[in-house]
Structures are given as C-alpha cells and as structure tokens.
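Chemist: predicted model follows, preceded by the sequence.
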Amino acid sequence: MMPFITVSFAAQTGKSMPEALLLFVAIPLLIAPFILPIAGAWVDRWGAKRVAIPAAILYAATTALIPLSSMLPWLFGLVIVLASVFGFMASLAVVFKVVTGWFPRHRGIGFALIGMVSSLASAVLSPVFQWAIDGDKSEFAGLGWTGTYYAVAVSIAILAIPAALFLLSEPPYAITEPAFPKTPAETRRADTPGVPLRKALRTPTWIFIAVSLALAAAGPMAVRQNAVSFFAERGFDASTVAVSQSVLFIASIIGLLAGGMTLDRARRPWIVGALLAVVPIGLVLSYFNHGNVPVLFVATACLGFATGAESALGPFLIARYFGLKCFAQLQGLTLAISTLSLGLSPFLVSAMQTATGSYAVPFTALTALTGLATLLAFFLPDYPAEWIHPVELERLTRPATGEKP
C-alpha cells in the first residue's frame, strides 16, 4: 500500500514526496537489519508464541496511532518506527523459526512458499489499497491514507492477534533425525566445510555478490515506491498503476520458482548475470513507455521477475562459493547491504526528481547502476567444488553392506 499511501500523505499534508518516502519507506527498511537479530534472539530464548502475541498487539496499536500522531512530526516519526519494529517482530522474526522447527527437511520449500504467498497477497492487495485510499469514479470517495491505516490496524487486530494466539506453535520435541549423525551443537565448527568469515569478506567474489545484488535490488524498489508519480508522467492513472503492481508481484512468484530451478541446474555462474539483466531492461521499458498499457505490464513483469529471482540468488551464491562454515553471517551481511539499498533508493530517486524536475537523471543513474550489477555478475568466477561435510562424505562413500570404506 505504500506507493499509494505516500502520494495521499503528501497531497493531504503538503509534504514533499521525498519526505513521505523517507518516513514511510526508507526509515522502516533501514531499521530492519538492527531489529531482526534482536527479535530472533528473543524468539530463540522465549519461543515464537511469547514474542508474536505481544508484538501483534503492539503492532495493531501503533498502526492505529500513526494517523493520530501526524500533527507532531517528532512523535509521528517515532510511532512509524515503533510500528515497523513490532511488525517485523510479529512476522519475519517469528515465521522463519516456526518453519525451521516444523519442517527441518523441507525448509527451502517452506521459505519459498512464504515468499510466494507474500507476493500473491501483494498482487491482490495493490489494487485493493489503491481503491481504499483513492476511491473510484462512483460514489465512494476513498478512505484516504488516515482511514486506510485505521482499517489496517483493525485487520491486524482481528487477524494477526488470533492467529498468534490459536494457530502459532512450535514442535514440543527435539529433532531426532538430523541431517548429519551429530547434532549441530555436537559438531565442531572446524569440521564444517567452508571459508572463514574474514577470508570470505576479503575475496572479490563476495564483494561482487554483495554489490551486484544491492545495485540490482535498487531498480525494482525505486520504481515500486515511486510508481504513482513516475507512471502518471507517462500517461497512466493510479488504478492502472495498481494493476501493474499486481503484475509485478505475480511475476516475482515466477521469478522465485524459475530462478531457483535455473540456479540448481546451471553449471556456470554466467546465468546470474542473465537473471540480473532483466532489471535494466525493465527500467528502460518503464522510462520510454508513454501510455502503452501492455508495454507497462511487460516492464513491471521484468522488474518483478528479477525481484523473485534475487531472493534465491544471495543464499545460493554464498553457500555455493563459501560453504556453510559462516553462511549465516555472510548472508546476514549481504542482506543488510541489500536492505540499505532498498531503503535509500526510492528516497534518492524522488529527491533527485524533485531537485531536477524530471526522472531522467535518477533513471539514467539507476539503469547505469543495474547495468553495472549485471556486469559484475558476469565476472563471477567458476563455481568451486561442492562443499561436503566430512561425516556426509563418509556416509556417501560407505559401501552398501555397511562396511567401512
């Protein structure tokens, strides 16, 4: 709902679009890397349900307070930050732990399904939120950004809180059949195959991965959050833009599935560059298209496909190049860099448009940066040999009779 919330907020309050994007998009995304590790530690210590229930209650309450606090700028920003914190705690910090606990053998599928459901919900809700905020050409004038926030707060209260109370749980037993004969606590870190953290961070490979993913992610996010004003300059009304956002999210599901399957089957890393190349193509189509709805949908589909594929690229490449020894730390650092790009790119694009009076400069910069991301991906070295744990290697090489090799 944010592309439509920010436009409504700016129109009603007289604030600039860069300020609206900073408040509603940039700040919440920038605090995520700091909040999620803390919330995850709480979930590990007290359990998912004990964190999710109070977080959902506070999420509903602070969401309702956002329009009430809009008259005081310092309080308004604080409430938005708190709502974001409790939202992250009630959702991302909890859901991955629950999936990990219930589906230890199918975590990849579980995480992919969560991403697919999220994208599908976004595809459905984009036109719904646009209609709720702006209304239509009939008698419904719309709820505006304030009324929509109240409606969302009520939805959280009647859906998220009961779900946390009655549907959320973790398995009460320990997993008795680990992937390796030793449990993770019993396995020495030195035995885990992979590259040490400090050594990995100094390699051009990790730098290329982190920079290319961060630059590529900036393109789709900047277009999404500036979609209403950007596409309005190209002759599209808000309702058409909302449908284009649905196309984007549906394409992200396809990208998530196709990207994962392609990476599993590819033997050379050049395929990563091919997947990322869809981003500058989508940006060029978006900028030079004026009034052609099918081309608009093709452009947003390109950006959505890349968004879905990028979700699989980071974990795949880090595990493939550096193994599992420091996988979580490397993935966390890579995700933090990408989140920084996601938070800043919409604000910077809007600020540059306000300063220059045109999207020409920011979109030229975006296209160049995403082209650089594609180029860096093509320079990734060949994949190393598969990282296999010594215990797993022994299991794979043991004769069928059970005798030691």
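Modeler: Structure's in. What do you need? Numbering: from 1, shown residues only.

Chemist: so which strand or helix has residue 321?
Modeler: Element membership for residue 321, per DSSP states H and E: helix 293-322.

Chemist: in that helix, what counts as buried?
Modeler: The neighbour-count check on helix 293-322 (16 or more other C-beta atoms under 10 Å) flags 296-318, 320-322 as buried. Heads up, the C-betas are built off the backbone N, CA and C, glycines and all.

Chemist: cool, stretch 282-291 as well?
Modeler: Neighbour counts over stretch 282-291 (16+ other C-beta under 10 Å) mark 282-287, 289 as buried.

Chemist: what are the buried residues along the next helix-or-strand element following the helix holding residue 321?
Modeler: The C-terminal neighbour of helix 293-322 among helices and strands, as given by DSSP H and E, is helix 327-356. Applying a neighbour-count criterion of 16+ other C-beta under 10 Å, the buried positions in helix 327-356 are 327, 330-331, 333-353.

Chemist: check stretch 224-235 too.
Modeler: 224-231, 234.

Chemist: farthest-apart pair in the residues you listed, please.
Modeler: For the buried residues of stretch 224-235, the maximum inter-member distance is 16.3 Å, found between 225 and 234 (C-beta to C-beta).

Chemist: tally of neighbours for residue 165?
Modeler: 13 (other C-beta atoms under 10 Å).

Chemist: oops, could you answer that again for residue 172 instead?
Modeler: 6.

Chemist: if I look at it, how far off is residue 240?
Modeler: 50 Å (C-beta to C-beta, to the nearest Å).

Chemist: contacts for stretch 293-301?
Modeler: 223, 231, 236, 240, 243-245, 247-248, 250-251, 282-283, 285-286, 289 (C-beta atoms under 8 Å, 6 or more residues apart in numbering).

Chemist: cutoff 10 Å now
Modeler: 220, 223-224, 227, 231, 234-236, 240-241, 243-252, 254-255, 278, 281-290, 292 (C-beta atoms under 10 Å, 6 or more residues apart in numbering).

Chemist: got any ranges where the stretch 1-150 of the chain has weak pLDDT?
Modeler: 100, 104-109 (pLDDT under 70).

Chemist: show me where it has helices.
Modeler: 2-13, 17-21, 27-46, 48-68, 73-90, 92-102, 107-134, 144-155 (DSSP state H, counting those that start in this stretch).

Chemist: domain-wise, how is this protein divided?
Modeler: For the chain, automatic domain parsing gives the domain ranges 1-177, 194-387.

Chemist: check contacts around the residue nearest the centre of the chain.
Modeler: In the chain, the centroid-proximal residue (C-alpha atoms, centre = their mean) is residue 311; its distance is 7.2 Å. Going by C-beta under 10 Å, 6+ apart, residue 311 touches 111-112, 115, 119, 217, 252, 255-256, 259-260.

Chemist: same thing but at 6 Å, please
Modeler: 115, 256 (C-beta atoms under 6 Å, 6 or more residues apart in numbering).

Chemist: and the gap between it and residue 275?
Modeler: Taking C-beta to C-beta, one finds residue 311 at 11 Å from residue 275.

Chemist: re the thing from before, return the most buried member of the helices of the stretch 1-150 of the chain.
Modeler: helix 17-21 (a mean of 23; mean count of other C-beta atoms under 10 Å).

Chemist: who's in contact with it?
Modeler: For helix 17-21, using C-beta under 6 Å, 6+ apart, the contacting residues are 6, 9-10, 225, 346-347, 350-351, 354.

Chemist: spatially, which two of those are the most separated?
Modeler: Top of the distance list for the contacts of helix 17-21 (C-beta to C-beta): 9 and 351, 16.3 Å.

Chemist: quick check: residue 246 touching residue 128?
Modeler: No: the criterion here is C-beta atoms under 6 Å, and residue 246 misses it with residue 128 at 9.7 Å.

Chemist: enumerate every residue touching residue 80.
Modeler: Residue 80 touches residue 23, counting by C-beta under 6 Å, 6+ apart.

Chemist: so how far is residue 300 from it?
Modeler: In this view, residue 80 and residue 300 are 27 Å apart by C-beta to C-beta.

Chemist: for residue 306, same thing?
Modeler: 11 Å.
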